[in-house]
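Participant: just coords:
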């Protein structure tokens, strides 16, 4: 008895491979010294998981900027 391997063509593929909508974030520009890229800092305030105090979480994002 020979075992058959599943073929890749038989697996269901979605009809169209579209990307979902992206999140819109707000922040402040902290650096624009690169040629076509700016650095934006986004600050979110979330409660600490154990103590409940509101703490800031900062995240840097790189964005394309032609100017």
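Facilitator: Structure's in. What do you need? Keep in mind the model is a prediction, meaning the values are calculated, not measured. Numbers count the residues shown, from 1 in each chain.

Participant: Please report how far residue 51 lies from residue 44.
Facilitator: As defined by Cβ to Cβ, to the nearest Å, residue 51 lies at a distance of 17 Å from residue 44. Yep, even glycine has a C-beta here, placed from its N, CA and C like the rest.

Participant: mind checking the SS state of residue 18?
Facilitator: Three states are possible here, and by DSSP: H, G, I helix; E, B strand; the rest coil the one that applies to residue 18 is coil.

Participant: mind listing the strands for the protein?
Facilitator: Counting by DSSP state E, the chain has strands at residues 28-31, 37-47, 54-64.

Participant: what would the ones you listed look like in JSON lines with mean pLDDT?
Facilitator: Output for these, formatted as JSON lines (pLDDT from 0 to 100):
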{"stretch": "strand 28-31", "mean pLDDT": "96"}
{"stretch": "strand 37-47", "mean pLDDT": "97"}
{"stretch": "strand 54-64", "mean pLDDT": "97"}
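
Participant: which of the ones you listed sits most buried?
Facilitator: Across those, the average number of neighbours (mean count of other Cβ atoms under 10 Å) peaks for strand 37-47, which reaches a mean of 12.

Participant: so can I have JSON lines of the strands of the chain showing distance to residue 18?
Facilitator: Below are those laid out as JSON lines (distance: least, Cβ to Cβ, whole Å):
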{"stretch": "strand 28-31", "distance to residue 18": "31"}
{"stretch": "strand 37-47", "distance to residue 18": "26"}
{"stretch": "strand 54-64", "distance to residue 18": "21"}
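
Participant: Which of these sits closest to residue 22?
Facilitator: For residue 22, the closest of those is strand 54-64, at 11.8 Å, according to Cβ to Cβ.

Participant: Contacts for that closest one next, please.
Facilitator: Applying Cβ atoms under 8 Å, 6 or more residues apart in numbering, the external contacts of strand 54-64 come out as 25, 27, 30, 36-48.

Participant: just to revisit the earlier point, which of the strands of the chain sits closest to residue 16?
Facilitator: Closest to residue 16 of the strands of the chain, according to Cβ to Cβ: strand 54-64, at 25.6 Å.

Participant: how far off strand 37-47 does the closest one point, in degrees?
Facilitator: Here strand 54-64 points in a direction 160 degrees away from that of strand 37-47 (axes from the mean of the first three to the mean of the last three Cα atoms, to 10 degrees).
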